[in-house]
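Chemist: sharing a model that was predicted from the sequence below.
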Amino acid sequence: MSTLTAPLESIVAAASAAAPAFAATTAQSRAQALVAVANALEGEKPRLVEIAMRETGLTEARLTGEVTRTAVQLRLMADAIVDGGYLDARIDQADADFVLGARPDIRRSLTPLGPVINFSASNFPFAFSVMGGDSAAILAAGCPLIVKAHSGHPELSDATAEVATRALAGAGMPAGIFHLIHGRDAGIAVLQDARVKAGSFTGSIRVGRLLADIAASRPAPIPFFGELGSVNPVFITADAIAERAGEIAAGYLTSVTGSAGQLCTKPGFVFAPEGSTLPAAIKSVAGHPGEHRLLDPRIATGFATRRDEVLGSPGVTPIVEGGVRFDEQGHGWATPTVVAVSLENFRAGHDALVEESFGPLSIIVETPEGTDLASLMPEFYEGNLTGTLHLSAQEATGTTANAAELQSLVTAMSHQVGRVLFNGWPTGVAVTPAQQHGGPWPATTNDSSTSVGTAAITRFLRPVAFQNAPQAFLPDALRDDNPLGVPQEIAAAGLSQEWGARWE
């Protein structure tokens, strides 16, 4: 067990003590609590948004929408846990004639891990922060939650925690299931404590890897779910550009500049045919964009340095010049930068160009005719959150001469990203059950997980099987009378004799 300060010891002890009672709460009661938090956040929206604007520099419209998104996430999780499909309840009935000898009655479902620490993100002060998606999934799973506040919005974190604490208590949840802490050292100390059973994080590759290594190096390693870096490649065909260059250019710039490019789904690279009209279309629609304050001086300094590295790489040509201005408080104010580079120069300057630029910067890579687009995917990180393909209307039918090439590209993307998009832009992650917001390293530390959508809940659960258990001792989800009405996958007696027969 790690050595904790007295305040942290009190928090972790309270979370650990609350874990059994919280795990035993009904899905209905947890759902009511999640909805109570959602309602409370929306009720405090003007006050919370005002604090967030001051601390982050994000716009009122962006932050107001983000509070709504946060509330929707909480309500989505509420419905998911009452439905019960997330429990993955499986029942294998006892079978005296089982093909390998008599089979016992075996029943399996998922159960909460226990206390979890969630490290908040800087760029989503609501949706990936104190009561954001990870926190919603942790509470929905029935795990006590300890949130490490982000240093970029400490006042907002405290205010959000106060709202959530009142709502959870008012909904009758057990004491000790929610706590907020501040400070890097405090977060690491809690992550190292043996009573904490999992961790989650949204942020940089460097910090995410540090925390993941800490979780893995504990005497008893624990799961750690980090969403880290992504450059989200976009491929645009010549026919798509010929069909709607202006529309594509406008959508691209909107996606690059939204929230000053401080989004994990920003399109960092666009592969477009050499000699296309796309650069001209981008210049035409760019106009004179206003500057946007970056989240904090550290991020602004990092973006300015990264921008200089990109612009200094051989063969890089600005399409939209952009820039960064620092004010007397050290805050950086950015305008978008879009550059072009040939595929040859991109490969020559790979190390300087391929890393993520956290801010409003994107690179167009001009590909010669005949380039095997699928072969370009491995030239990025091993994994990304998204990959996008823009097609013409005819190409979308799958009947054009390049259909096989496009299918190869889609297959290559699906091997290296968590979400493949067509004729759209990766920013704006829909909060919906089927969403996948994750991908192979370094997009996430666990490429089978998602931090958005109802599948996010299962990160904080583990399977337990019960063999020949009396009905009275089974979890409700596994009982024959199924009092919760949850989906149950039942393997009836006698079926094993027919396994594989249909394929003979």
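Modeler: Cool, the structure landed.
Chemist: all the strands of the stretch 301-450 of the chain, residue numbers only.
Modeler: 317-320, 323-326, 332-335, 337-342, 361-367, 384-390, 417-422 (DSSP state E, counting those that start in this stretch).
Chemist: for the ones you listed, which one ends up most surrounded?
Modeler: strand 384-390 (a mean of 26; mean count of other C-beta atoms under 10 Å). No exception for glycine: its C-beta is placed from N, CA and C like everyone else's.
Chemist: in this structure, which spans are helices?
Modeler: 6-23, 27-43, 45-56, 60-83, 133-141, 154-170, 184-192, 205-217, 238-257, 278-286, 297-311, 343-348, 350-353, 403-416 (DSSP state H).
Chemist: count the residues that sit near the residue lying closest to Ser408 once chain neighbours are set aside.
Modeler: Leaving aside its sequence neighbours, Ser408 sits nearest to Ala374 (C-beta to C-beta, 6 or more residues apart in numbering; 4.2 Å). By other C-beta atoms under 10 Å, the residues close to Ala374 number 18.
Chemist: so who does Ala374 touch?
Modeler: By C-beta atoms under 8 Å, 6 or more residues apart in numbering, the contact list for Ala374 reads 405, 408-409, 411-412.
Chemist: do that again at 7 Å, thanks
Modeler: By C-beta atoms under 7 Å, 6 or more residues apart in numbering, Ala374 lies in contact with 408-409, 412.
Chemist: then Ser135?
Modeler: Applying C-beta under 7 Å, 6+ apart, the residues near Ser135 are 118, 145, 147.
Chemist: what bits of the stretch 301-450 of the chain have low per-residue confidence?
Modeler: Applying pLDDT under 70 to the stretch 301-450 of the chain picks out residues 380-381.
Chemist: ugh, wrong one, the chain
Modeler: In the chain, residues with pLDDT under 70: 1-2, 380-381.
Chemist: and it, what are its domains?
Modeler: Per automatic domain parsing, the domain ranges recorded for the chain read 6-228+448-461, 234-422.
Chemist: Ala434 is nearest to which of these?
Modeler: domain 6-228+448-461 (6.3 Å; C-beta to C-beta).
Chemist: out of the contacts of Ser135, which is most surrounded?
Modeler: Asn118 (30 neighbours).
Chemist: does that residue really touch Ala136, like I thought?
Modeler: No. Asn118 sits out of contact with Ala136 when judged by C-beta atoms under 7 Å, with a separation of 10.0 Å.
Chemist: re the thing from before, distance to Gly439 added to the strands of the stretch 301-450 of the chain, as CSV?
Modeler: Formatted as CSV, those follow (distance: least, C-beta to C-beta, whole Å):
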stretch, distance to Gly439
strand 317-320, 28
strand 323-326, 29
strand 332-335, 26
strand 337-342, 24
strand 361-367, 19
strand 384-390, 5
strand 417-422, 4
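Chemist: nearest to Glu162, out of the ones you listed?
Modeler: Among these, strand 332-335 sits nearest to Glu162 (C-beta to C-beta), with 30.6 Å.
Chemist: closest to Ala15 out of the contacts of Ala374?
Modeler: For the contacts of Ala374, the nearest to Ala15 is Ala412 (43.5 Å; C-beta to C-beta).
Chemist: need the contact list for that closest one.
Modeler: 374, 377.
Chemist: let's see 8 Å
Modeler: Per C-beta under 8 Å, 6+ apart, neighbours of Ala412: 374-375, 377.
Chemist: can those go into TSV with extra columns for distance to Val316?
Modeler: Below are those laid out as TSV (distance: C-beta to C-beta, whole Å):
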residue	distance to Val316
Ala374	25
Ser375	22
Met377	22
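Chemist: give me the neighbour count for Ser217.
Modeler: 9.
Chemist: could you pull up the residues touching it?
Modeler: Ser217 touches nothing, counting by C-beta under 8 Å, 6+ apart.
Chemist: distance of it relative to Leu211?
Modeler: 11 Å (C-beta to C-beta, to the nearest Å).
Chemist: any idea how far Phe358 is from the nearest residue to Thr337 once chain neighbours are set aside?
Modeler: Residue nearest to Thr337 in three dimensions, not counting chain neighbours: Gly322, with 3.1 Å by C-beta to C-beta, 6+ apart. For Gly322, the distance to Phe358 equals 14 Å [C-beta to C-beta].
Chemist: now Val12
Modeler: Taking C-beta to C-beta, one finds Val12 at 32 Å from Phe358.
Chemist: okay, the two: which has more neighbours?
Modeler: Between Val12 and Phe358, counted using other C-beta under 10 Å, the more crowded position is Val12 (26 against 23).
Chemist: that one and Gly114 touch, don't they?
Modeler: No. At 11.0 Å, Val12 and Gly114 do not qualify as touching, with contact defined as C-beta atoms under 8 Å.
Chemist: which neighbours do these two have in common?
Modeler: In contact with both Val12 and Gly114: 195-196, using C-beta under 8 Å, 6+ apart.
Chemist: contacting residues around Pro318?
Modeler: Neighbour list for Pro318: 311, 337-339 [criterion: C-beta under 8 Å, 6+ apart].
Chemist: Pro433: which of those is nearest?
Modeler: Among these, and counting by C-beta to C-beta, the member closest to Pro433 is Val338, at 34.9 Å.
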